[in-house]
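Visitor: I'd like to go over a predicted model; first the sequence, then the structure.
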Amino acid sequence: MSDTDTKALNDTSLAPPMRTRRQLPPNAKPVLVTLAIALGVFFIAYLRTDGSSLVLTQALVSGLLAGGVYGLVALGLTLIFGVLHVINFAQGALVTLGMYVTYVVSSNLGWNPYLTLVISVPVLFLFGALIQKVIINRSMGEQHANTLLLTLALGLLIENGLLLAFSGNPQSVRTGSETVYNIFGAVATQSRLIAFFGAMLLAILLFIMLQRTPTGTAIRAVASNPTGARLVGINTSRIYVITFAIGAACAGAAGTLVAPIVSITPVAGEVFNITAFVIVVLGGLGKVLGALFGGLIVGLAEQFGGILFPDQSNLLGVFIVFVLILFLRPQGLFSNNS
């Protein structure tokens with residue numbers, strides 16, 4: 001065989017191209033799994049309601065509206081964990097504190113509850129910065145159990161302080177006349193719509209801040225590699241304070257947005273604490289977009305859980321989602337880790 005023939009046999013360019021299997025994008029699989037589970041739940045709920053589209057539409061709208069606020073609370077929680085690696089069990093208590101700030105300002109000054117955002121957000125921001133600088137910072141670098149217990153104790157102190165100041169009697173704030181809107185046959189009050197769109201707007205503004213501002217770039221750098229960030233001149237201690245303050249401000253904003261909807265008590269934020277942790281696990285630890293989408297998923301799980309298990313707490317559906325995520329994808333739906 002001549003050299004020409006040998007080269008021709010070895011020339012792979014003459015061989016027919018090999019077919020390669022097209023792989024799905026990294027985040028496509030969890031999205032498909034979520035959609036499959038959602039369709040299954042929707043079908044079962046359809047059967048449970050005897051095909052009542054009105055009940056299903058109401059559950060869908062109510063779940064999305066509640067999920068927007070849940071996402072805002074979880075956004076602050078996942079931001080704190082992503083940067084400080086601190087599990088903040090006081091997040092729900094900070095939501096309650098935001099409710100009482102709105103109640104005090106609205107009751108004494110006669111402000112519209114939603115206008116009190118200009119007070120509750122700065123107050124919770126400063127309070128968050130203070131407790132990080134004075135309390136949380138001292139335990140950072142130690143075992144996670146230490147900071148976990150510290151934030152748990154902080155949450156209990158906030159709740160009991162509010163109990164001493166306002167007693168356990170439920171309080172409420174008024175927004176005037178409540179307009180009811182019809183959305184594809186479902187009923188949604190004006191307060192719930194404002195809470196949802198307000199939470200989404202604040203979440204979008206925070207996302208833009210993290211992506212487009214020097215402070216946001218520094219926060220993402222510290223979250224990715226604190227040692228490297230320190231070497232390039234970023235003041236990591238300052239970023240830790242700012243990040244915890246932002247997380248607290250998110251909780252305060254959520255508290256103000258839901259104050260006209262819920263009954264305000266010193267323990268009103270506990271349900272937000274539970275759902276926020278489920279959302280963070282569902283979306284992936286430290287994932288901002290995961291917190292937003294996770295909030296919507298948990299809001300829907302809460303509402304459809306009430307349809308599937310009418311004699312049980314609505315949180316049963318949330319915990320079922322929590323267990324499924326831990327079993328099927330413990331790193332979270334939106335985590336890049338396979």
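Guide: That came through, no problem.
Visitor: Contacts only, for the residue nearest to Ser62 when sequence neighbours are not counted.
Guide: Nearest non-adjacent residue to Ser62, counting by Cβ to Cβ, 6 or more residues apart in numbering: Gln303, 5.1 Å away. Where you see a C-beta, it was placed from the backbone N, CA and C, and this is true even at glycine. Residues near Gln303 by Cβ atoms under 8 Å, 6 or more residues apart in numbering: 59-60, 62-63, 66, 314, 317.
Visitor: Closest one to Glu270 out of those residues, please.
Guide: If you rank these by distance to Glu270 using Cβ to Cβ, Asn314 comes first, at 14.2 Å.
Visitor: Next one, pLDDT for that closest one please.
Guide: pLDDT for Asn314: 75.
Visitor: for Leu154, same thing?
Guide: pLDDT at Leu154 comes out at 92.
Visitor: does it really touch Ile131, like I thought?
Guide: Yes - taking Cβ atoms under 8 Å as the definition, Leu154 is a contact partner of Ile131 at 6.5 Å.
Visitor: For Ile279, give its distance to Val123.
Guide: Remark: distance between Ile279 and Val123 (Cβ to Cβ, to the nearest Å) = 24 Å.
Visitor: Please apply the same query to Glu302.
Guide: From Glu302 to Val123 the distance is 29 Å (Cβ to Cβ).
Visitor: Compare the two (neighbour count), which wins?
Guide: Set side by side, Glu302 and Val123 show more neighbours around Glu302, with 25 against 18, by other Cβ atoms under 10 Å.
Visitor: which residues touch the nearest residue to that one once chain neighbours are set aside?
Guide: Using Cβ to Cβ, 6+ apart and skipping the chain neighbours, the partner closest in space to Glu302 is Asn314 (4.8 Å). Each residue near Asn314 by Cβ under 8 Å, 6+ apart is listed here: 302-303, 305-306.
Visitor: what does Arg212 give?
Guide: Arg212 touches nothing, counting by Cβ under 8 Å, 6+ apart.
Visitor: State the pLDDT value of it.
Guide: The model's pLDDT for Arg212 equals 91.
Visitor: picking that back up, Leu154 and Ile131 - which one has more neighbours?
Guide: Between Leu154 and Ile131, Ile131 has the larger neighbour count (other Cβ under 10 Å), namely 23 against 18.
Visitor: tell me which element that one is part of?
Guide: Using DSSP states H and E, Ile131 falls within helix 117-131.
Visitor: One more: Val187?
Guide: Going by DSSP H and E, Val187 is in strand 186-189.
Visitor: how far does that strand sit from the chain's center?
Guide: Put simply, strand 186-189 sits 23 Å off its chain's centre (Cα atoms, centre = their mean, to the nearest Å).
Visitor: Do a quick rundown of the helices in the stretch 51-200 of the chain.
Guide: 53-84, 91-109, 117-131, 137-139, 144-166, 190-212 (DSSP state H, counting those that start in this stretch).
Visitor: now those helices as CSV including distance to Pro226?
Guide: As requested, the helices of the stretch 51-200 of the chain are exported to CSV (distance: least, Cβ to Cβ, whole Å):
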stretch, distance to Pro226
helix 53-84, 8
helix 91-109, 22
helix 117-131, 19
helix 137-139, 14
helix 144-166, 16
helix 190-212, 16
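Visitor: ranking these by mean pLDDT, which is last?
Guide: Looking at those, the bottom one is helix 137-139 with a mean of 79.
Visitor: for that one, the distance to its chain's centre please.
Guide: Distance, centroid of helix 137-139 to centroid of chain: 25 Å (Cα atoms, centre = their mean).
Visitor: who's in contact with the residue nearest the centre of the chain?
Guide: A centroid search over the chain (Cα atoms, centre = their mean) returns Ala74, at 2.4 Å, as the residue closest to the centre. Shown in contact with Ala74 (Cβ under 8 Å, 6+ apart): 275-276, 279-280, 283, 291, 294-295.
Visitor: So which of those residues sits lowest on pLDDT?
Guide: Gly283 (81).
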